[in-house]
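1. Sequence and computational prediction follow.
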Amino acid sequence: MTPEPLYLSVREVAAHFGCGVSTVWRWVKLGSFPAPMKIGGLTRWHRSTIDAFAMTRRAA
């Protein structure tokens with residue numbers, strides 16, 4: 001069993017929400033989605049941030 005990654009790329013985030021990469025970036029630009037962080041030149045979201053965001057979206 002492979003452990004889930006701690007940090008997610010924009011493609012992984014898009015797949016998680018069933019949308020396109022450009023949609024994720026649009027949500028970030030509009031401020032309706034958590035901003036990513038830069039790690040060694042890579043843009044990533046922490047899995048816990050994405051999970052928490054998904055939970056708030058389900059509750060709304």
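-> Cool, got the structure.

2. what packs against whichever strand or helix holds Met55?
-> Using DSSP states H and E, Met55 sits in helix 47-59. Using 3 or more CB pairs under 8 Å, 6 or more residues apart in numbering; DSSP states H and E as the contact criterion, the elements in contact with helix 47-59 are strand 7-8, helix 10-17. From N, CA and C alone the C-beta is placed, and that goes for glycine too.

3. How many neighbouring residues does Trp25 have?
-> Trp25 has 16 neighbours, counted by other CB atoms under 10 Å.

4. hang on, it packs against Ala14?
-> No: using CB atoms under 8 Å as the test, Trp25 is too far from Ala14 to be in contact (9.3 Å).

5. if I look at Gly31, how far off is Ser22?
-> When distance is defined by CB to CB, to the nearest Å, Gly31 is 16 Å away from Ser22.

6. before we move on, back to that, ok, residues contacting the helix holding Met55?
-> 4-8, 13, 16-17, 33-34 (CB atoms under 8 Å, 6 or more residues apart in numbering).
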